[in-house]
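Novice: make a model of this:
(chains A and B)
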Number of protein chains: 2
Amino acid sequence: MEVRLAESLGFCFGVRRAIEMAEENPGSQTYGPLIHNPDEIKRLKEDFDVWTTNRPEDLAVGRKVIIRTHGIPKDRLAQLDREGYEYVDATCPFVKKPQEICARMSAQGYDIVIFGDASHPEVQGVVSYADGPTYVVQSPSELSSIKLKSKIAVISQTTRKFQEFMAIVEYLIARYPEVAVFNTICNATFDNQDAARELAREVDVMVVVGGKNSSNTKQLLAIASEICPDSYLVERAVDLDPSWFVNKQLCGVTAGASTPKWVIDEVVEAIKRF
Amino acid sequence: MEVRLAESLGFCFGVRRAIEMAEENPGSQTYGPLIHNPDEIKRLKEDFDVWTTNRPEDLAVGRKVIIRTHGIPKDRLAQLDREGYEYVDATCPFVKKPQEICARMSAQGYDIVIFGDASHPEVQGVVSYADGPTYVVQSPSELSSIKLKSKIAVISQTTRKFQEFMAIVEYLIARYPEVAVFNTICNATFDNQDAARELAREVDVMVVVGGKNSSNTKQLLAIASEICPDSYLVERAVDLDPSWFVNKQLCGVTAGASTPKWVIDEVVEAIKRF
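Specialist: Numbers count the residues shown, from 1 in each chain, chains lettered A, B, ... in the order given. Modelled structure (predicted):
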């Protein structure tokens, strides 16, 4: 079976970078899971002695700390410093940017509106950099009860959809005289989706590699299935069913944003053997 | 015949203010016509000795100058000062604002994008306050060939439509990391339209007072006619046709943005007599 990979698949730039930083710092510990993939966390533990801690209380004294892509609140970073931890900052550069904007614009007296989920670690990190009022909202309707200053800066959680961000932006522009808009959306998620759509048109069977419970992976499967009805989701090579490839010429492969490269490689090798 | 006036009609705030300033300065001269209405220009001339000059060369030495609502370019104002003219600035406050924004943001290194007509005096005035690059565009497509800096400030000619402004804003936000949006649209034009729409629902005949060639007046007629088929346009009371009011109870009256109050009053009195 011939295999063609999606032009963009698997880890985004920020996660790939964080994993590399973990590998370059054996014996370290991550502040929260680096990625939603237990196999990858296990690999880092076994091959590089990189521990994963979920709560600040669990940090082991003496082990270097790796800050994950989402970043952490400003006061937590200060606390690590105070407590003498050495740390490696793997905060994604695309997340650093909204943190900096939040700090700069609120220092200039702007009210900060963030499109995103207030309970998401990335957003909690960004909010922590504000030196004034911040409002985290998921839709324009949430703004209707809020009285904002005449100078507003708007930023977005990196993984959000542009059109939903624009709905918030438009609501504000219609009502306030000055709205500084910072498009902090990262296209990585959408790059994988666009590439899956394109690939599905060229092949006669599609395999999506990723967690069965990952919403990101399921979305890739939905996109692929719409174009190529013979699309399947597998977590590992063992899930592949030989009957999928009978009378097929070309198999497309894509993978969710939390799927490690070695899992993708394993699946691709297995498909090639059919 | 009973008459009901639209809640908003005729001159906008800025024009009303400019005319009052002209009346308060008899013997002055306006820098360009104060308004697109020859009857009103004639009235100011006859009753207040206010002259209208169309070109800077035509300014009469010794007469006070009235700057009209659109404003004038910065260097022209400086020239008036240099040449010793006394002047009264009737630039609309809603036009002063984009002038100030243009000056402030370009001084801070922002590229300035203006949604509007580059040949319109208001826009020429606004552009003149920039201390760096400005780009006047009517649609997003005009931006496609322009390479902008990463910091952009966007403003609108005051009389433009919000949704068309947003099309430009969205184009920029999708492509540039920082877009400071200043909603400088004035709602006066739309206030007259909204009020005409509302009034047309309540009456059984509508009269729109304004120039037969004024696009603004024609738009009011179109809006009224859609709801109240018995809608008519008149320039003056003499244009009224008694047959329009046969078997009608209530007549609505609205007026274009260049229609003086005394013309509206004259028409209203004539309708009442039917």
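
Novice: could you pick out the residues of chain A near chain B for me?
Specialist: A:97, A:162, A:166, A:169-170, A:173-174, A:176-184 (CB under 8 Å from any CB of the partner chain). Using the backbone N, CA and C atoms, a C-beta is placed for each residue, glycine as well.

Novice: out of those, which sit inside strands?
Specialist: Here DSSP state E is the test, and those give A:Glu178, A:Val179, A:Ala180, A:Val181, A:Phe182 as lying in strands.

Novice: show the contacting residues for the second one.
Specialist: It stands for A:Val179. If you count contacts by CB atoms under 8 Å, 6 or more residues apart in numbering or on different chains, A:Val179 has them with A:Ile152, A:Ala153, A:Val154, A:Val169, A:Leu172, A:Ile173, B:Ala180, B:Val181, B:Phe182, B:Asn183.

Novice: recalculate using a threshold of 6 Å.
Specialist: Counting by CB atoms under 6 Å, 6 or more residues apart in numbering or on different chains, A:Val179 touches A:Ile152, A:Leu172, A:Ile173, B:Val181.

Novice: which parts of the stretch 1-150 of chain A are helices?
Specialist: A:13-23, A:38-48, A:74-82, A:93-107, A:121-128 (DSSP state H, counting those that start in this stretch).

Novice: which residue packs closest to the residue nearest to the spatial centre of chain A, ignoring adjacent ones?
Specialist: Taking CA atoms, centre = their mean, the centroid of chain A lies closest to A:Thr159, which sits 6.4 Å from it. Spatial nearest neighbour of A:Thr159, chain neighbours left out: A:Thr189 (5.7 Å); criterion: CB to CB, 6 or more residues apart in numbering or on different chains.

Novice: tell me which element the one you found falls in.
Specialist: In the assignment (DSSP states H and E), A:Thr189 maps to helix A:188-202.

Novice: that helix to helix A:13-23, inter-axis angle?
Specialist: Put simply, helix A:188-202 runs at 110 degrees to helix A:13-23, going by axes from the mean of the first three to the mean of the last three CA atoms, to 10 degrees.

Novice: touching helix A:188-202 from outside, list them.
Specialist: Helix A:188-202 has contacts (CB under 6 Å, 6+ apart) with A:6-9, A:12, A:159, A:206, A:220, A:223-224, A:227-228, A:252, A:254.

Novice: give me the ChimeraX select line for the residues you listed, limited to the buried ones.
Specialist: Buried members of the contacts of helix A:188-202, defined by 16 or more other CB atoms under 10 Å in any protein chain shown, are picked up in ChimeraX with:
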select /A:6,8,9,12,159,206,220,223,224,227,228,252,254
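
Novice: now the contacts of helix A:188-202 in JSON lines, with pLDDT?
Specialist: Converted to JSON lines, the contacts of helix A:188-202 look like this (pLDDT from 0 to 100):
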{"residue": "A:Ala6", "pLDDT": "97"}
{"residue": "A:Glu7", "pLDDT": "96"}
{"residue": "A:Ser8", "pLDDT": "96"}
{"residue": "A:Leu9", "pLDDT": "96"}
{"residue": "A:Cys12", "pLDDT": "92"}
{"residue": "A:Thr159", "pLDDT": "90"}
{"residue": "A:Met206", "pLDDT": "98"}
{"residue": "A:Leu220", "pLDDT": "95"}
{"residue": "A:Ile223", "pLDDT": "96"}
{"residue": "A:Ala224", "pLDDT": "97"}
{"residue": "A:Ile227", "pLDDT": "97"}
{"residue": "A:Cys228", "pLDDT": "97"}
{"residue": "A:Gly252", "pLDDT": "98"}
{"residue": "A:Thr254", "pLDDT": "97"}
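
Novice: among the contacts of helix A:188-202, which two are most distant?
Specialist: A:Thr159 and A:Cys228 (25.5 Å; CB to CB).

Novice: what is the following helix or strand past the helix holding A:Thr189 packed up against?
Specialist: Using DSSP H and E, the helix or strand that follows helix A:188-202 in sequence is strand A:205-209. Applying 3 or more CB pairs under 6 Å, 6 or more residues apart in numbering or on different chains; DSSP states H and E, we find strand A:205-209 packed against helix A:215-227, strand A:231-234, strand A:250-255.

Novice: only C-alpha atoms, please: export the longest one in CSV.
Specialist: Spelled out, it's helix A:215-227. Output of helix A:215-227 as CSV, limited to C-alpha atoms (Å, rounded to 0.1, in the frame of the first residue of the first chain):
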residue,chain,number,x,y,z
SER,A,215,-11.7,16.3,20.0
ASN,A,216,-9.0,17.6,17.7
THR,A,217,-8.5,14.1,16.2
LYS,A,218,-12.2,13.5,15.9
GLN,A,219,-12.5,16.7,14.0
LEU,A,220,-9.8,15.6,11.5
LEU,A,221,-11.8,12.3,11.0
ALA,A,222,-15.0,14.2,10.4
ILE,A,223,-13.3,16.5,7.8
ALA,A,224,-11.6,13.5,6.1
SER,A,225,-14.8,11.4,6.1
GLU,A,226,-16.8,14.1,4.3
ILE,A,227,-14.5,13.9,1.3
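
Novice: quick one: contacts for A:Phe94?
Specialist: A:Phe94 sits next to A:Thr158, A:Cys186 when contact means CB under 6 Å, 6+ apart.

Novice: what's the mean pLDDT across stretch A:45-58?
Specialist: What stretch A:45-58 shows for mean pLDDT is 92.

Novice: name the residues that touch that stretch?
Specialist: Applying CB under 6 Å, 6+ apart, the external contacts of stretch A:45-58 come out as A:Ala22, A:Glu23, A:Pro26, A:Gly27, A:Ser28, A:Gln29, A:Thr30, A:Pro33, A:Ile41, A:Leu44, A:Leu59.

Novice: just the endpoints, please. Distance across that stretch?
Specialist: The first residue of stretch A:45-58 is 16 Å away from its last residue (CA to CA, to the nearest Å).

Novice: mind giving me the PyMOL command for buried ones among the residues of chain A next to chain B?
Specialist: The buried subset of those, as determined by 16+ other CB under 10 Å, is captured in PyMOL by this line:
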select buried, chain A and resi 97+162+166+169+170+173+176+178+179+180+181+182+183+184
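
Novice: okay, among the residues of chain A next to chain B, which ones form the most distant pair?
Specialist: Maximum pairwise distance in these, criterion CB to CB, is 26.2 Å, between A:Lys97 and A:Ala174.

Novice: check what pLDDT A:Asn216 gets.
Specialist: Looking at A:Asn216, its pLDDT is 86.

Novice: that one against A:Thr259, yeah?
Specialist: No: judged on CB atoms under 6 Å, A:Asn216 makes no contact with A:Thr259 at a distance of 9.3 Å.

Novice: which one of these two is surrounded by more residues?
Specialist: A:Thr259 (28 against 18; other CB atoms under 10 Å in any protein chain shown).

Novice: that one and A:Asn37: what is the separation?
Specialist: Per CB to CB, to the nearest Å, A:Thr259 is found 7 Å from A:Asn37.

Novice: same question for A:Gln157.
Specialist: A:Gln157 is 21 Å from A:Asn37, by CB to CB.

Novice: SS state for the residue nearest to the centre of chain A?
Specialist: coil (DSSP: H, G, I helix; E, B strand; the rest coil).

Novice: what sits against A:Phe274?
Specialist: Taking CB under 6 Å, 6+ apart, we find A:Phe274 in contact with A:Met1, A:Pro242, A:Phe245.

Novice: all set now, cheers.
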